[in-house]
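In: could you look at this predicted model? Sequence included:
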Amino acid sequence: MIIKSLRLKNFRQFKDETKLDFATDKNKNVTLILGDNTFGKTTLLQAFNWCFYGKVLFAQNPKMLLNYDVSENMAPKQRTSVEVEITLVHNSREYTFKRIQWYTRRDIGSVGEELCPLTITYKENGEVKTVRGTNVKGVVNTIIPEDLSLYFFFDTERVNSISNRKDVGTAVKNLMGISVIDSALDHLGTKTKKDSVIGKFYSDLQQGSTADAKKYINNIHDFEAAKEAIAEKIANFKAEIANYNTKKSELEAKLRDNKRTAELQKKKEKLVRDIKTQENAYERNVDAFFNQFSEKSLKIFAAPLIGGVKKYLKDTKIDEKGVIDVTNKTIMALIRRGKCLCGTEFKQSEADPIYKHLLDEMHYVPPESIGSTVKHYREKLDYFSKGVDEAFESLGNTHKNALSALILAQEWEDDLETISKELQGQADMGQYEIELVKTNNRIKELNQKIEDLIRQDENYNRSIDGAKKKYDSLVVISGKNKEVREYIEYAEDIAMFLQSYRQEKATEIRHKLQLKVNEIFGKMYHGSRNVMIDERYNVSLSTTVNGRTIVTGESEGSNRVKNFAFIAGLVALAKEKVLSDQAKKGISIETEPYPLVMDAPFSNADERHTQNIAQLLPDIAEQVIMFVMDKDWKNAKEKMAHKVGRTYMLQKHSETHTTII
Amino acid sequence: MALDASKQQHASIMLRQILEIERNYNATKNCTRDEMVKRVSQIIRNEANRIVEGEK
């Protein structure tokens, strides 16, 4: 990784826009930024931290990044920004990291800050692309892991802020290229990890076996045998139909040749049926006649007498002589009184006409009541005589029908006799016709059977097609599975290799790093101490006493050198491409060389140590960006000046305003 | 399973291609994990098929 430039806007004392382009020449890879205490050296270092990780280590008012002068001159509700933009090249790809913090002047005078997300853009094939928001942190940690930020942006005077308890193992391994292997292993996955390459390959394997294929072949053979049997049956049926067709033709010819006979035979048969029908009708009517006669004979025979009685009663009109509501007792009472209702007196003597008349009247009033009796009698006569006419008519009709049926039957008997005479000696065409019908039915039946067999044959065809497809698919599956199994073979081999390679390299990295760190430490520290790196990649100092290695206490000076040696060792190792190993499958895990950004690297170092560091830094790191005081630079200059590609001077105008020249 | 010697060379080609896209993925995270799984699968398929085609 090479940092190309740093652009600041209103970041703390760096008012307005400030831009630094860093030395990128491999032979002059040092960028020197000179400035005395409080000129803004640490602020520049923190600008890197803030841009990459959104964190700063300012002791005073760390949230207020906005330049004080700018802040003071903001009008109410005015909005202004603090920006830090870093352009770097990583893996031959140019990235721009940009973090913006907006501040707004409130009415009451203070300024409020808003969220300050980082955006990362990179150039690819001449096109500028933006890293998706959710992936920004991942990309930062891949390029410049936050866990190692205190080493990369090394503040010599604040070296104690590096915690020895933090596990930086992952960050170190990632820096060494292990993250690429981890990522590949994650994607390759395993058989049971369904969302991985290997897991998906296993899912692609389709079930199916040779036994299944054999089963389908057997099925096909069975179906074909059944088809042959069907074909044989159809052939037999067709032969049978041909025979029947011959017979049918013969019968039809006979019937055609004896058409007159056939017609007469049909007529005869019809006459026989019709005569039988008429005979039945005659018998039914005769039975009906006798039944009707039994039921209604009395009425029929009494009809003339009843007619005479009715006529007599009609003529006599007896029923009209009585006086309404006058009874025998009434007349008797009048006789005893000797006085009529009209007041006429009379005597009970045959000679008295009134008396005689009253006696006569007694015949026409109740209880004698002849009129009423006649009336009832006449009603009964009416009832009795009712239906006589219908009975006559019904008997007549029945008789007529019986006679008609008898006559018809006799007439047809005559016809039948005539036809029978004509048909004497002729063949029975009816039998031929019956045989023809039977033959036709048999042909129809056989054709139906053939159709059924054809349908069965079609079903077998479909079954054969299905079985063939299944068989073919199993053959394809077998081929396809072979293909997929080969993919799996490759994928599992690669995954297995990467796993063992990763394990091997992880151990190797720690070992090589320890050697490298001790080599650098030895050049800067004159004593019998060594640097130890544990599994968490924490560093500590040790010494050997009576053959035993013991961890020693650390002064601020030794702590500074130890941590410096660690980061220097790390960037040196990265530069050496420790993971490149052409012997192993030609694998090349390109580790990226890293820069060192250091604040006051020579602080509190004596002249000799300063010169050691000055000589060491440009060689071990791909790029060195350092913020140095003039007095320290004087000691380093001799060893380092020829490596300096760019020099900047910090110029302090006030406590709130520094510029860079 | 271990590949026979003739296949080791092809596995190396696949591995190099895989590491190349993994490096790119790590540096930009410009696609999803699923897409990466597909890309890695494709590298293996393509190379394996290329070998088969070559053998024909």
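Out: Cool, got the structure.
In: quick check, pLDDT for A:Tyr537.
Out: Looking at A:Tyr537, its pLDDT reads 80.
In: ok, now how distant is the closest residue to chain A within chain B from A:Met1?
Out: The minimum distance from chain B to chain A, using C-beta to the nearest C-beta, falls at B:Lys29 (3.5 Å). Every residue, glycine included, has its C-beta placed from N, CA and C. B:Lys29 is 17 Å from A:Met1, where distance means C-beta to C-beta, to the nearest Å.
In: before we move on, what about A:Tyr383?
Out: From A:Tyr383 over to A:Met1 (counting by C-beta to C-beta), the distance is 137 Å.
In: looking at the two, which one has more neighbours?
Out: More crowded of A:Tyr383 and A:Met1, by other C-beta atoms under 10 Å in any protein chain shown: A:Met1, with 18 against 9.
In: does A:Thr156 touch A:Asp599 like I think?
Out: Yes: in this structure, A:Thr156 is within contact of A:Asp599 by C-beta atoms under 8 Å, at 6.2 Å.
In: quick one, what contacts A:Asn49?
Out: A:55-57, A:149, A:153 (C-beta atoms under 8 Å, 6 or more residues apart in numbering or on different chains).
In: which helix or which strand is home to it?
Out: Using DSSP states H and E, A:Asn49 sits within helix A:41-53.
In: give me the mean pLDDT for that helix.
Out: 90.
In: run the chain-centre distance for it.
Out: How far helix A:41-53 lies from its chain's middle: 51 Å, per C-alpha atoms, centre = their mean, to the nearest Å.
In: among the contacts of A:Asn49, which are located in strands?
Out: A:Phe153 (DSSP state E).
In: just give the number of residues close to residue 51.
Out: Looking at chain A here, since you left the chain open. 23.
In: that answer is for a different chain, and I need it for chain B
Out: Number of residues near B:Ile51 (other C-beta under 10 Å) recorded here: 17.
In: surely it and B:Ala11 touch.
Out: No: checked against C-beta under 8 Å, the pair B:Ile51 and B:Ala11 is beyond contact range at 10.4 Å.
In: for the residue of the stretch 301-450 of chain A found nearest chain B, give me its contacts.
Out: Of all residues in the stretch 301-450 of chain A, the one sitting closest to chain B is A:Ile450 (50.8 Å; C-beta to the nearest C-beta). By C-beta under 8 Å, 6+ apart, A:Ile450 lies in contact with A:234, A:237-238, A:241.
In: identify the residue nearest residue 27 in space, chain neighbours excluded?
Out: With no chain named, the answer covers chain A. Of all residues not flanking A:Asn27 in the chain, A:Lys643 sits nearest, at 7.5 Å (C-beta to C-beta, 6 or more residues apart in numbering or on different chains).
In: nope, chain B please
Out: A:Asn91 (5.3 Å).
In: ok, A:Lys639 next?
Out: A:Ala614 (3.9 Å).
In: ok, back up a step: give me the subset of the contacts of A:Asn49 that lies in helices.
Out: Among those, DSSP state H puts A:Ser149 in helices.
In: narrow the contacts of A:Asn49 to just the buried residues.
Out: Among the contacts of A:Asn49, those scoring as buried are A:56, A:149, A:153 (criterion: 16 or more other C-beta atoms under 10 Å in any protein chain shown).
In: now distance to chain B too, for the residues you listed, in CSV please.
Out: Below are the buried ones among the contacts of A:Asn49 laid out as CSV (distance: C-beta to the nearest C-beta, whole Å):
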residue, distance to chain B
A:Val56, 26
A:Ser149, 18
A:Phe153, 20
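In: which elements pack onto the helix or strand containing B:Gln9?
Out: Assessed by DSSP H and E, B:Gln9 sits inside helix B:5-28. The contact analysis (3 or more C-beta pairs under 8 Å, 6 or more residues apart in numbering or on different chains; DSSP states H and E) places helix B:5-28 against strand A:118-124, helix A:136-143, helix A:178-188, helix A:429-524, strand A:587-588, helix B:33-55.
In: of these, flag the one that's most buried.
Out: helix A:178-188 (a mean of 22; mean count of other C-beta atoms under 10 Å in any protein chain shown).
In: got the CA coordinates for that one in CSV?
Out: Extracted in CSV, the C-alpha atoms of helix A:178-188 (Å, rounded to 0.1, in the frame of the first residue of the first chain):
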residue,chain,number,x,y,z
ILE,A,178,-4.3,-15.1,5.4
SER,A,179,-7.6,-13.3,5.0
VAL,A,180,-7.6,-14.2,1.3
ILE,A,181,-7.2,-17.8,2.2
ASP,A,182,-9.9,-17.6,4.9
SER,A,183,-12.2,-16.0,2.4
ALA,A,184,-11.5,-18.7,-0.2
LEU,A,185,-12.0,-21.4,2.4
ASP,A,186,-15.3,-19.8,3.5
HIS,A,187,-16.5,-19.8,-0.1
LEU,A,188,-15.3,-23.3,-0.9
